[in-house]
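Colleague: Can you look at this prediction? I've put the sequence above it.
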Amino acid sequence: MLNLTQKQLKPFDGLSDRLVEEINRIGIIREYPKRSMAMDSDDTLRHFYIILEGRLKVYQYNPKNNREQTLYLLGPHDMFDVITVLDGQRHEVMTEAIDSVKALELPIEKVREWLDTNPAFNRVFFPYLAKQMRHIEELATDLSLYDTSTRLMKLILKNLNFKDPLKHHLGLLHNLPHEEIASMIGTVRHVVNRHLQQLKREGILNIERKRLAVNDVKKLLQKAEDER
């Protein structure tokens, strides 16, 4: 039996003690080493996951041209796979642990039961689903309408922690290899490198050993707006 607390189960604040106890009773902790394949389509037909530690890439890959497109970069408290929970269909995506990942695994039928019977679970699940849908819509729009430089700046701004402007943390982008950033905006590494170096020359970014920090948020916002 697990011993997860409400804090570890965020964003599911407000769950009853009874439901937390049930999660601890039926849940299993799965660990995926860095750079390993994580849960696959067969896994998500049977199980539902909440990321506890690390970052998980969810992506599509085309072996004909060796290109990939990241759909989601998931971190602690993210859920996977919300689509399969709702439609029960196989979701043909690939996953990779960017860091060492620890995830809570739950039976998918039990999660569907909670959706039918537990309002507190619903209050978290459906807004999260809406956020993921908006993300995919924004990704499709960016790939269709904006150049790679603008897509990169939008990605940086989206991940910037405005609650702590002095540190300018980049959330899930922290210490992320440039090829992974490229996969998130539908391009290749050398294009990302070129755009990052330009932002560095303009004094907007600081880049040290692939670690990014934003020096001038206002200037980055203005540049992204000007290039739209």
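Modeller: On my side now, so go ahead.

Colleague: I'd like the average pLDDT over stretch 204-212.
Modeller: When the per-residue pLDDT values of stretch 204-212 are averaged, the result is 81.

Colleague: Tell me which residues are up against it.
Modeller: By C-beta atoms under 8 Å, 6 or more residues apart in numbering, the surrounding residues in contact with stretch 204-212 are 156, 170, 173-175, 177-178, 196-197, 199-200, 213-216, 219-220, 223. (Each C-beta comes from the backbone N, C-alpha and C, glycine too.)

Colleague: what about dumping the CA coordinates of it to PDB?
Modeller: These are the backbone C-alpha positions of stretch 204-212, laid out as PDB (Å, rounded to 0.1, in the frame of the first residue of the first chain):
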ATOM      1  CA  ILE A 204      17.200  39.000 -24.300                       C
ATOM      2  CA  LEU A 205      18.500  35.600 -23.200                       C
ATOM      3  CA  ASN A 206      21.500  34.300 -21.300                       C
ATOM      4  CA  ILE A 207      22.700  30.900 -22.500                       C
ATOM      5  CA  GLU A 208      25.300  28.900 -20.400                       C
ATOM      6  CA  ARG A 209      25.900  25.200 -21.100                       C
ATOM      7  CA  LYS A 210      22.500  25.000 -22.700                       C
ATOM      8  CA  ARG A 211      20.800  26.500 -19.700                       C
ATOM      9  CA  LEU A 212      18.500  29.300 -20.700                       C
END
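
Colleague: Mind giving me the packing neighbours of the longest helix along the chain?
Modeller: With secondary structure taken from DSSP state H, the chain has its longest helix at helix 119-145. Judged by 3 or more C-beta pairs under 8 Å, 6 or more residues apart in numbering; DSSP states H and E, helix 119-145 is in contact with strand 67-74, helix 82-87, helix 108-117, helix 148-159.

Colleague: for that helix, the distance to its chain's centre please.
Modeller: Using C-alpha atoms, centre = their mean, to the nearest Å, we find the averaged C-alpha position of helix 119-145 to lie 11 Å away from the chain's own average C-alpha position.

Colleague: same check, this time on stretch 173-181
Modeller: Relative to its chain's centre, stretch 173-181 lies at 13 Å (C-alpha atoms, centre = their mean).

Colleague: pull the CA atoms of it into CSV?
Modeller: Provided in CSV are the C-alpha atoms of stretch 173-181 (Å, rounded to 0.1, in the frame of the first residue of the first chain):
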residue,chain,number,x,y,z
LEU,A,173,12.2,24.0,-20.5
HIS,A,174,14.8,24.1,-17.7
ASN,A,175,18.1,22.5,-18.9
LEU,A,176,16.2,20.9,-21.9
PRO,A,177,18.5,19.9,-24.8
HIS,A,178,18.0,22.1,-27.9
GLU,A,179,16.9,19.1,-30.0
GLU,A,180,14.0,18.6,-27.6
ILE,A,181,13.1,22.3,-27.8
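
Colleague: okay, and for the protein, where does confidence drop off?
Modeller: Per-residue confidence of the chain (counting by pLDDT under 70) places the weak regions at 162-169, 210.

Colleague: pretty sure residue 148 contacts residue 188?
Modeller: No - between residue 148 and residue 188 there is no contact under C-beta atoms under 8 Å: 9.2 Å.
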